[in-house]
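Novice: A structural model of the following input is requested.
(4 chains)
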There are 2 protein chains.
Amino acid sequence: MKRRNTPAKSTILSLLKNAGNALSQEMIEAEVKGEMDRVTIYRVLNSFCEDGVTHRILSDEGKYYFALCMDCHDHEHHTHDHFHFRCVGCQKVECLEEQVTVQLPQGYRKESISSWVTGYCAACS
Amino acid sequence: MKRRNTPAKSTILSLLKNAGNALSQEMIEAEVKGEMDRVTIYRVLNSFCEDGVTHRILSDEGKYYFALCMDCHDHEHHTHDHFHFRCVGCQKVECLEEQVTVQLPQGYRKESISSWVTGYCAACS
DNA sequence: GTATTATTGCAACATAATTGCATTAATAAA
DNA sequence: TTTATTAATGCAATTATGTTGCAATAATAC
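Specialist: Below is the predicted model:
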């Protein structure tokens, strides 16, 4: 299955590039409303995730956000163990530099980590 | 609005007590299947959360879990800044002792934290 | 035992996401 | 450039999850 470039894909991709941070499904849907079907958005975002163009982040309020992989992740090593920050003021979602460190109980094995901090970013404080 | 004790409530409550750790909506539904309506489960769990009997935890995979408040939280001070652990082997969800510490960028303000570690517990390792 | 009203079950509704399928259009080949 | 192949799209229908309205039921207070 070889991918093809389409207007839908470039529209969503440039949206993510211009945003500079993660966008929720909702936000993306609102931006491209009318231009394409809702189903197409789902499929485009899924294909981006499959191809490693973006990754899906589930926020602490249960919404999916999509972020370009180069933005904040070392895609080679899949180091996703950093904090994610969600600003309740401007809704911005971003990846923080700081890594999450956790000491698990005896015998426990870590597979993955999902850490969210909610609050106000510098601009909204 | 004064609460009443009903079979539905005691069934679900003892389920949570016997489990000893957090249970997902799904798990609870599966356990009491046939005994009561799906809507009743929702309403009972909601009332438990309103009354401070349980609290709702949104897991890293987007599912709600319900845990007895005494189990792992100091309800007085609402200190929810500990790690949550989800075992991909036995599906168990529990609250870890370890507190989450994060150094936010300059000017950022923290409101709340949600931290999940996924992996294998001691029994499933 | 009787009255009050919280709780329940059922049906209908709401919302988010997925699937099937015919149509459209991006790419490769002639 | 034209034609063939099949990925991508739009639409309708479906699934999954949670909520609401309302009449019937049953827990508590009197």
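
Novice: every contact and neighbour count from this point should use C-alpha atoms.
Specialist: Fine.

Novice: find the closest residue to DNA strand D in chain A.
Specialist: A:R3 (3.2 Å; C-alpha to the nearest atom of the strand).

Novice: what's the distance between the one helix or strand A:L13 maps to and the middle of its chain?
Specialist: Assigned by DSSP states H and E, A:L13 belongs to helix A:7-19. Distance of helix A:7-19 from its chain centroid, counting by C-alpha atoms, centre = their mean, to the nearest Å, is 14 Å.

Novice: check whether that helix comes near DNA strand C.
Specialist: Yes. Contact of helix A:7-19 with DNA strand C (C-alpha under 7 Å from any atom of the strand) involves A:P7.

Novice: put the alpha carbons of that helix into PDB.
Specialist: C-alpha atoms of helix A:7-19 as PDB (Å, rounded to 0.1, in the frame of the first residue of the first chain):
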ATOM      1  CA  PRO A   7      -5.000  18.100  -0.800                       C
ATOM      2  CA  ALA A   8      -6.500  16.700   2.400                       C
ATOM      3  CA  LYS A   9      -3.200  15.500   3.600                       C
ATOM      4  CA  SER A  10      -1.300  18.600   2.800                       C
ATOM      5  CA  THR A  11      -3.900  20.800   4.400                       C
ATOM      6  CA  ILE A  12      -3.800  18.900   7.700                       C
ATOM      7  CA  LEU A  13       0.000  18.600   7.600                       C
ATOM      8  CA  SER A  14       0.500  22.300   7.200                       C
ATOM      9  CA  LEU A  15      -2.000  23.000   9.900                       C
ATOM     10  CA  LEU A  16       0.100  20.900  12.300                       C
ATOM     11  CA  LYS A  17       3.300  22.600  11.100                       C
ATOM     12  CA  ASN A  18       2.000  26.100  11.500                       C
ATOM     13  CA  ALA A  19       0.500  25.300  14.900                       C
END
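
Novice: what residues sit buried inside it?
Specialist: Going by neighbour count (16 or more other C-alpha atoms under 10 Å in any protein chain shown), the buried part of helix A:7-19 is A:9, A:12-13, A:16.

Novice: what residues sit buried inside whichever strand in chain A runs longest?
Specialist: Secondary structure of chain A per DSSP state E: the longest strand is strand A:109-120. Using 16+ other C-alpha under 10 Å as the test for burial, strand A:109-120 gives A:109-110, A:113-120.

Novice: those: which ones sit near chain B?
Specialist: When contact is defined as C-alpha under 8 Å from any C-alpha of the partner chain, these meet chain B at A:109-110, A:113-120.

Novice: reformat those residues as a markdown table; add distance to DNA strand C.
Specialist: Shown next, in a markdown table, are those (distance: C-alpha to the nearest atom of the strand, whole Å):
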| residue | distance to DNA strand C |
| --- | --- |
| A:R109 | 28 |
| A:K110 | 26 |
| A:I113 | 21 |
| A:S114 | 18 |
| A:S115 | 19 |
| A:W116 | 18 |
| A:V117 | 21 |
| A:T118 | 20 |
| A:G119 | 23 |
| A:Y120 | 24 |
